[in-house]
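> using only what follows, build the 3D model:
(chains A and B)
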2 protein chains.
Amino acid sequence: MSFPVTLEDVNEAHERIAKHIHRTPVFTCETIDNIVQRNVFFKAENLQKTGSFKPRGALNSILKLKEENSNVAGVVTHSSGNHGMAVAWAARKAGIPCTVVVARGTPEVKIQAIKGYGADLVICEPSPTSRVETCDLIAKEKGYFIVHSYDSYNTIAGQGTMAVEFLEEVPELDAILVAISGGGMTAGVAVAAKAIKPNIKIFAVEAYGKELEPCLKANTRLWRNPPQFIDTIAEGIRIQQVGHKTFPIVCELVEKQVFTVTDDEMVEAMKFTWQRMKLMIEASSAAGVHAVMSEQMRQLDPSLKNIGVILCGGNVDVNNLPW
Amino acid sequence: MSFPVTLEDVNEAHERIAKHIHRTPVFTCETIDNIVQRNVFFKAENLQKTGSFKPRGALNSILKLKEENSNVAGVVTHSSGNHGMAVAWAARKAGIPCTVVVARGTPEVKIQAIKGYGADLVICEPSPTSRVETCDLIAKEKGYFIVHSYDSYNTIAGQGTMAVEFLEEVPELDAILVAISGGGMTAGVAVAAKAIKPNIKIFAVEAYGKELEPCLKANTRLWRNPPQFIDTIAEGIRIQQVGHKTFPIVCELVEKQVFTVTDDEMVEAMKFTWQRMKLMIEASSAAGVHAVMSEQMRQLDPSLKNIGVILCGGNVDVNNLPW
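Okay, the predicted model is just below:
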């Protein structure tokens, strides 16, 4: 099956953005390898510009927009925070005005960062519907382009670049664990990794309440509408429904077996990673760390020896910890 | 002036330990460069084995001991925590029994780690004198060798290896900021860096209450006896008096101007580094981060363009934060 986004798009995106973003390091941890009894590799996107993987997709989208239209009035987006920061940062890199819509309740550290990158900020009600409506309104009024946080092929291609780097650095990877929210990162990583190495397995890691596995198994959107946020401490992965552009890709390329992680498990994995690996990660990254150390992982096919985990972000308000 | 420890000793130490330790990465941070208006490079020894730079000196000491005496009964040390972990780790690497003396009040996370490396633990009164006496007693009773945390030329040579790596990675460094406690790291870094690049400046960063600057300027130990701990949250740098072997080296090679950092300033720099650089650092590392961002740094000779900062450790009990 072929999709509207390919490894070629991902490689093009990489050429477009590589000189502006960090090629993030890959870390290993003896303690974790001993516990997991496999070799685990962590791609540290928490060390990426703005503290998450999001600039990859945002910058690819904005630079491509500028290539195609030199008179862009501005860009607007809605985001739980990390994508908002990334768009603000990318717009400034591209020299384009930017408005970011965030839901009430977004951590102060993220709001300050968005403002710090010079974007205008609009606060809306904390529901997926309100965010979309507010964003659409601004786009219409100001003639701004919407930079979607996941449901856009340019965003997906941008996020896929992390898989290209990961497999260049660790070609022996047998599987990659990716935290899933709207599915932009998951789809991008899956498209790129499966094209580079067809036998690699991509596993989605979700916050408890997302209920992705039945949807993947049925190949159908079983979620209730209107779209909901999951009740989780992991703001980065609290969107319940995978996007309409990302879902078919995820269904096709990602393993049907999903890793589900609770808030308590994320807190435990967060503390473990902070203390043992000395890396600041946010709860959505901790979901992947928990998954790789879980009983479910122990039961997986032992021929999957080399497991990659994306540490997708590190934006934490240290004055307001989830424990 | 020549010292009993030279660049040759440091290079020998590096050969001895390099395959067992991490060659730690060097990080930069645009935000900090913009604030400081110089190029700042951070050597991430918080990512070193056991979470601090200490294994460099400990492993060099223990491996050298074993080379010279194949029948070592065991090793013993006293330490506020990081050195204790390092000696425990190094002794296990070398296959030698190990006892670690720690003061009451040492963070639980450090105590657990020392036990985790298989060492015996003895808890003593929280005074420098009690630690030394307890350690001496165990050495005498068991015939163990004492691995000193700073006042030994093998330890100093081991710590110096970080400067060799740092200058290989960033040859353009004009200055290095080093947090100082007993002076093992400072002396080692100074000996190696000044031999490699004679014009480089080494600045000591102290916790408030150490009063190092008058001692350096007078070239004399002006501290009151018996030795005291400084009242600071930074357990890594709470020894007031620089060692008897390290002090002459520090006096000769380190700048007379000292950076003094308070607990509040360390907390602020710690939060900043966690949130912005996504690196877990402990308070003693934060002292260096504060120093490089301080008004005092702004006043320094502008020809010092490229400043190195050692992030010396990252061991933090996340259930017991200093704020």
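
> which outside residues touch the helix or strand of chain A with the lowest mean pLDDT?
In chain A, no helix or strand scores lower on mean pLDDT, DSSP states H and E than helix A:108-116, which sits at a mean of 83. Applying CB atoms under 8 Å, 6 or more residues apart in numbering or on different chains, the set of residues contacting helix A:108-116 from outside is A:50-51, A:81-82, A:84-85, A:88, A:100, A:102, A:121, A:315-317, A:320, B:275. Every C-beta, even on glycine, is put in place using the N, C-alpha and C of the backbone.

> find me the pLDDT at the residue lying closest to A:Gly182 once chain neighbours are set aside, would you?
Nearest non-adjacent residue to A:Gly182, counting by CB to CB, 6 or more residues apart in numbering or on different chains: A:Tyr150, 3.2 Å away. At A:Tyr150, the model reports a pLDDT of 96.

> likewise A:Glu235?
For A:Glu235, pLDDT reads 89.

> picking up where we left off before, which ones among the contacts of helix A:108-116 map onto helices?
A:82, A:84-85, A:88 (DSSP state H).

> and the residue of the stretch 101-250 of chain A found nearest chain B, how many residues sit next to it?
Closest to chain B within the stretch 101-250 of chain A is A:Val109: 6.2 Å, counting by CB to the nearest CB. Using other CB atoms under 10 Å in any protein chain shown, A:Val109 has 19 other residues around it.

> likewise A:Ile249?
Neighbours of A:Ile249 under the rule other CB under 10 Å: 25.

> for it, which non-adjacent residue is spatially closest?
Per CB to CB, 6+ apart, closest to A:Ile249 is A:Ala187, 4.1 Å.

> phi, psi for the one you found please.
Main-chain torsions, A:Ala187, degrees, to the nearest 10: phi -60, psi -40.

> do A:Pro128 as well
Dihedral angles of A:Pro128 (phi, psi; degrees, to the nearest 10) stand at phi -60, psi -40.

> residues near it, how many?
20.

> check A:Pro322 too.
17.

> SS state for the residue nearest in space to the middle of chain A?
Computing the C-alpha centroid of chain A and ranking residues by CA atoms, centre = their mean puts A:Met185 first, at 4.4 Å. Recorded secondary structure, A:Met185: helix (DSSP: H, G, I helix; E, B strand; the rest coil).

> A:Asn71 too?
Using three-state DSSP, the structure places A:Asn71 in coil.

> so what pLDDT did it get?
So A:Asn71 comes in at 90 (pLDDT).

> longest single helix anywhere in chain A?
helix A:153-169.

> model confidence at the nearest residue to A:Gly105 once chain neighbours are set aside, what's the number?
Leaving aside its chain neighbours, A:Gly105 sits nearest to A:Pro126 (5.1 Å; criterion: CB to CB, 6+ apart). Reading off the confidence values, A:Pro126 has pLDDT 86.

> contact partners for A:Pro126?
Residues near A:Pro126 by CB under 8 Å, 6+ apart: A:103-105, A:229.

> repeat that for A:Glu45.
Going by CB under 8 Å, 6+ apart, the list of residues near A:Glu45 reads A:24, A:52-53, A:162, A:310-313.

> what's the end-to-end length of stretch A:305-323?
Taking CA to CA, to the nearest Å, stretch A:305-323 runs 33 Å from one end to the other.

> return the closest of the ones in helices among the contacts of helix A:108-116 with respect to A:Leu300.
Nearest to A:Leu300, judged by CB to CB, of the ones in helices among the contacts of helix A:108-116 is A:Asn82 at 28.7 Å.

> doesn't A:Arg56 make contact with the closest one?
No: using CB atoms under 8 Å, A:Asn82 is not in contact with A:Arg56; the gap is 11.5 Å.

> over to A:Asp301. Which of the three states is it?
coil.

> what is the neighbour count of it?
Should you count by other CB under 10 Å, A:Asp301 turns out to have 9 residues around it.

> now A:Gly118
Other residues close to A:Gly118 by other CB under 10 Å number 12.

> ok, it - contacts?
Applying CB under 8 Å, 6+ apart, the residues near A:Gly118 are A:88, A:92, A:98.

> then A:Thr129?
Neighbouring residues of A:Thr129 by CB under 8 Å, 6+ apart: A:226-227.

> coming back round to it: surely the residue nearest to A:Ile249 meets A:Val5?
Yes: A:Ala187 is in contact with A:Val5 according to CB under 8 Å; the separation is 7.5 Å.

> quick check: neighbours shared by the two?
Taking CB under 8 Å, 6+ apart as the criterion, A:Ala187 and A:Val5 both touch A:156, A:160, A:249.

> what strand or helix carries the last one?
Right, the one you point to is A:Ile249. If you go by DSSP states H and E, A:Ile249 is part of helix A:246-253.

> what lies in contact with that helix?
A:1, A:3, A:5, A:150-151, A:156, A:180, A:182-184, A:186-187, A:190-191, A:194, A:202, A:204, A:215-216, A:219, A:221, A:242.

> quick check: mean pLDDT of that helix?
98.

> which SSE is immediately downstream of it?
Scanning forward in sequence from helix A:246-253 by DSSP H and E, the next helix or strand is strand A:259-261.

> point out the other helices and strands that that next one packs with.
Under the contact criterion of 3 or more CB pairs under 8 Å, 6 or more residues apart in numbering or on different chains; DSSP states H and E, strand A:259-261 touches strand A:201-207, helix A:283-292.

> any chance of the ones you listed in JSON lines, with mean neighbour count too?
Shown next, in JSON lines, are the helices and strands packed on strand A:259-261 (neighbours: other CB atoms under 10 Å in any protein chain shown):
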{"stretch": "strand A:201-207", "mean neighbour count": "25"}
{"stretch": "helix A:283-292", "mean neighbour count": "29"}
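
> nearest to A:Ala44 among these would be which one?
Here helix A:283-292 is closest among the helices and strands packed on strand A:259-261 (CB to CB), at 9.1 Å.

> hang on, the earlier thing: return the member of the shared contacts of A:Ala187 and A:Val5 nearest to B:Tyr208.
A:Gly160 (49.6 Å).
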